[in-house]
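Trainee: attaching a predicted model along with its sequence, questions to come.
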Amino acid sequence: MDCIFCKIIKNEMPSYKIYEDDIVLVMMDIDPTTDGHLLIIPKKHYVNLSDIDLDTLNHIYKIAKDMYILLKEKLNIDGLTLTQNNDYGQEVKHYHLHLVPRYKNDGIHFSKRIETSSIEEIYNKING
Ligand code: AMP
Ligand code: ZN
């Protein structure tokens, strides 16, 4: 399988490793959104949220908490935004959790709105 993250895990490609255990690898994103942008990736190949198991997710979020503490200590970050893309908008088809450090006045607005349908219409679709 031609997966760049699997190659990184097998040390066939270089990366800036921050942490590693039997289940996950944490590395620096090669094209960081902000200083200290990390990716947590499971060592086993899962495509995304559709196929990853809950035990692995639980471990990923445990490590995310550890990394938050580390980033606060080392980089003095003001906050941390977690994102994780699935299918559309997902460039690398190997599950990865983005840890994006936030800094006061960094100008990032993840909550920027697009034009949406009425909340009631969408609510009825989800509940229908
Ligand atoms: P996504 O759009 O959620 O699939 O994000 C993929 C992320 O992987 C992007 O932020 C890329 O900058 C990052 N990325 C791609 N190739 C590498 C690599 N070789 N090492 C580290 N990060 C990478
Ligand atoms: Zn992979």
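Mentor: Structure's in. What do you need? Ligands and ions are numbered 1, 2, ... in the order given.

Trainee: which residues of the chain score low on pLDDT?
Mentor: By pLDDT under 70, the chain contains no weakly predicted segment.

Trainee: keeping just the C-alphas, turn the helix ranked longest in the chain into CSV.
Mentor: Ordering each helix of the chain by length in residues (DSSP state H) puts helix 54-75 first. Provided in CSV are the C-alpha atoms of helix 54-75 (Å, rounded to 0.1, in the frame of the first residue of the first chain):
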residue,chain,number,x,y,z
LEU,A,54,-12.5,2.9,20.1
ASP,A,55,-9.5,1.6,22.1
THR,A,56,-7.1,3.2,19.6
LEU,A,57,-9.1,6.5,19.7
ASN,A,58,-9.0,6.4,23.5
HIS,A,59,-5.3,6.1,23.4
ILE,A,60,-4.9,8.8,20.8
TYR,A,61,-6.9,11.2,23.0
LYS,A,62,-4.8,10.3,26.1
ILE,A,63,-1.7,11.2,24.1
ALA,A,64,-3.4,14.4,23.0
LYS,A,65,-3.8,15.4,26.6
ASP,A,66,-0.1,14.6,27.3
MET,A,67,0.9,16.7,24.2
TYR,A,68,-1.2,19.6,25.4
ILE,A,69,0.7,19.7,28.6
LEU,A,70,4.0,19.4,26.8
LEU,A,71,3.2,22.2,24.3
LYS,A,72,2.1,24.5,27.1
GLU,A,73,5.3,23.8,29.0
LYS,A,74,7.7,24.1,26.0
LEU,A,75,6.1,26.6,23.6
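
Trainee: pull out the buried positions in it.
Mentor: For helix 54-75, burial by neighbour count (16 or more other CB atoms under 10 Å) applies to 56-57, 59-60, 63-64, 67-68, 70-71. The C-beta positions use only the backbone N, C-alpha and C, and glycine is treated the same way.
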